[in-house]
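In: Sequence first, predicted coordinates after that:
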Amino acid sequence: MQILNTDENIYTVSRLNNEVRFLLEDTFPLVWVEGEMSNFAAPHSGHWYFSLKDSAAQVRCCLFKGQQKKVGFTPKDGAHVLIRARACLYEARGEYQLIAEHMEERGEGKLRRAYELLKKKLEAAGLFDGAHKQDLPLFPRQIGVVTSATGAAIRDILTVLKRRYPCAPVIIYPSLVQGQSAAPNIVQAIQTANRRQECDILIVARGGGSLEDLWLFNEESVAMAIYQSQIPIISGVGHEVDFTIADFVADKRAPTPSAAAEMITPDQTDLLRLLMQQGQQIARRMLQKMQTMQQTLTWAQKHLSQQHPKRRLVERMQHLDFCELSLVQLQTQLLTKYQTKLRDLEARLHRLLPIHRIRQLENVTHVQEQKLLQALMMTIQQRQTMLVQAAAKLDALSPLATLQRGYAIVTKNQRVLRNANEVSKGDRIEIRLLKGSLACTVE
C-alpha cells in the first residue's frame with residue numbers, strides 16, 4: 001500500500017516536537033525516578049542540571065531554582081537520589097528530559113516512595129474511606145492491646161487506662177513490633193483477637209522510632225488485617241509527627257500510645273469528644289473532596305501551563321544556560337591550549353638564551369683547543385722523527401765518518417781535491433786528518 005505525501009502528512013520539525021511533547025506529558029504526568037546523579041551543573045541562573053543513570057541508561061533532568069528550597073541536602077555527582085518529576089520534551093533541541101519538582105536522598109526516600117505508592121493504592125481501593133471506619137465504643141467493656149509485652153508502649157497504655165478507666169479489663173495480645181517477622185506477628189495477633197471476640201476495641205501501638213523502625217505498620221498485610229477487623233481499632237504508633245499506613249486504615253488514629261488509651265476511655269468531656277470526632281469526620285471528608293478538587297485544578301493548571309508564554313521563556317532560559325556552559329567549557333579548553341603553547345615558547349626561549357650559546361661555543365673551543373694541541377704534539381713528534389732520520393743520514397754521509405776510518409781530506413783553497421792533476425808543483429795544500437790538519441807543499 002502506497003501512502004501519498006500530502007501537505008497534511010508532512011511535519012515540520014517544530015510541529016513534530018510539539019506533538020511529541022504533548023504526547024509525552026499526557027502519558028507521564030508525574031513519575032518517581034531513582035538513580036545515580038552525574039554531570040551536575042549549577043549555572044548563574046540558579047537552576048540545577050544533572051543526569052540520573054543506572055547500569056543501563058540515563059536521562060537528563062532539571063530542577064528549577066524555586067523548587068530547591070524543599071531539598072534538604074546538597075546534590076553532587078555520585079549521589080543516589082529519588083525525584084518526583086514530570087516528563088517533557090525540550091523542543092529547541094528535541095531532547096527528552098525530566099523537570100523535577102521534588103528530590104530526596106535514597107534510602108529513606110525509597111521507603112517513602114513505597115509508602116506513597118501503597119498509600120495511593122489502598123486509598124484507591126477504599127481502605128481509607130471514612131464510610132468503612134467503625135465507631136469507637138463510648139464505654140468499652142473490655143480493651144485489647146496489640147503491642148510488645150515488654151516495651152514502653154504497654155506500660156504507658158496500662159498507666160493511662162488505670163488512671164482514667166480502671167473498671168475495664170485489659171487483654172494483651174503480645175506481638176513483635178520490629179524486625180522482618182513483626183508484620184506477620186501483628187497480623188496474627190489481630191486475627192486472634194477477632195477470632196476470640198473478647199474485646200470491643202483494640203489498640204495497635206508502638207513507641208517512636210525511625211521510618212525503618214515503624215515500617216511494619218506500612219506493610220499491606222498489616223493494613224488489610226486492620227481493615228478486615230470486626231473489632232474497632234485505634235492506632236497509636238510512634239510520635240505525633242509519625243504517620244503510617246496503619247493510621248490511615250485504622251478506625252481512629254492517635255498520635256502516641258498514651259493518647260490512644262486516653263481517646264478510647266471516657267472522662268468528663270465525653271460529649272465534647274464525640275462532637276470533635278464528628279467534626280474530624282467532616283474534616284476528613286472535606287479534605288478528600290478538597291484533594292479531588294485540587295487534583296482537578298492541578299490538571300487544569302498543567303494544561304494551561306503548556307500553552308503559557310512563561311514555558312517558552314523557561315525553554316529559552318534553559319537554552320541560555322546550555323550556551324553558557326558550552327562557552328565556559330570552550331574558554332577552559334582555549335586557556336589550556338594557550339598555556340601549553342606558552343610553556344613550549346618559554347622552553348624554546350630558554351634554550352636560545354646567549355648564556356647557553358656562549359657555553360656551547362666554549363665547549364666547542366675547548367674541544368678545538370684539545371684537537372689543536374693533539375695535532376701540534378703529533379706534528380712535533382713527526383718533525384722530531386724526521387730530524388732523527390735526517391741526522392742519521394747526514395751522519396752516514398759526513399766526512400768525519402771517512403776520517404774515522406783513516407782517510408784524509410785534501411783541499412786546495414778550501415776546495416776538495418779529487419784528482420792529482422788538479423795541483424802543480426809548489427802548490428800549497430791542506431790535509432785534514434781525524435785529529436788536526438797538515439799544511440803541505442807539492443814537490
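Out: Okay, I see it.

In: I'd guessed residue 236 sits against residue 154; true?
Out: No - counting by C-beta atoms under 8 Å, residue 236 sits too far from residue 154 to count as a contact (10.9 Å). (Glycine included, C-beta is placed from N, CA and C.)

In: can you list residues touching both of those two?
Out: 205, 257 (C-beta atoms under 8 Å, 6 or more residues apart in numbering).

In: So these two - more neighbours on which side?
Out: Taking neighbours as other C-beta atoms under 10 Å, residue 236 and residue 154 compare with residue 236 leading, 30 against 22.

In: host element of the more buried one?
Out: Using DSSP states H and E, residue 236 sits in strand 233-237.

In: all helices of the chain, in order?
Out: For the chain, applying DSSP state H gives helices covering 13-27, 108-124, 152-164, 182-196, 220-228, 245-249, 257-263, 270-307, 309-351, 354-397, 399-404.

In: what angle do the third one and strand 233-237 make?
Out: In terms of direction (axes from the mean of the first three to the mean of the last three C-alpha atoms, to 10 degrees), helix 152-164 departs from strand 233-237 by 120 degrees.

In: do the fourth one as well
Out: If you take the same axes, to 10 degrees, helix 182-196 sits at 150 degrees to strand 233-237.

In: What residues does residue 77 make contact with?
Out: 37-40, 50.

In: any idea which of these has the most stuff around it?
Out: residue 50 (25 neighbours).

In: quick one: contacts for it?
Out: Residue 50 sits next to 37-41, 60-61, 63, 75, 77 when contact means C-beta under 8 Å, 6+ apart.

In: returning to what we had before: give me the contacts around the strand holding residue 236.
Out: With C-beta under 8 Å, 6+ apart as the test, strand 233-237 has contacts from 136, 153, 157, 190, 201-206, 214, 217, 226, 244, 246-247, 250-261, 263-264.

In: which of those count as buried?
Out: The neighbour count (16 or more other C-beta atoms under 10 Å) marks 136, 153, 157, 190, 201-206, 214, 217, 226, 244, 246-247, 250-261, 263-264 as buried among the contacts of strand 233-237.

In: Send over the strand holding residue 236 as CSV, restricted to the C-alpha atoms.
Out: Extracted in CSV, the C-alpha atoms of strand 233-237 (Å, rounded to 0.1, in the frame of the first residue of the first chain):
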residue,chain,number,x,y,z
ILE,A,233,-9.1,-0.5,66.0
ILE,A,234,-7.3,2.6,67.2
SER,A,235,-3.7,3.1,66.1
GLY,A,236,-1.1,4.6,68.4
VAL,A,237,2.2,4.3,66.6
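
In: Can you tell me the strand partners of it and which way each runs?
Out: When pairs are called by DSSP bridges, strand 233-237 turns out to pair with strand 201-206 (parallel), strand 252-253 (parallel).

In: didn't residue 284 look like it was pressed against residue 130?
Out: Yes - with contact defined as C-beta under 8 Å, residue 284 reaches residue 130; the gap is 5.3 Å.

In: In terms of neighbours, single out the busier of the two.
Out: Per other C-beta under 10 Å, whichever of residue 284 and residue 130 has more neighbours is residue 284, with 15 against 12.

In: Contact partners for residue 243?
Out: Contacts of residue 243 by C-beta under 8 Å, 6+ apart are residue 253.

In: pLDDT score assigned to it?
Out: We note a pLDDT of 84 for residue 243 in this prediction.

In: Let me see the contact set for residue 222.
Out: Residue 222 touches 183, 186-187, 216, 245-246, counting by C-beta under 8 Å, 6+ apart.
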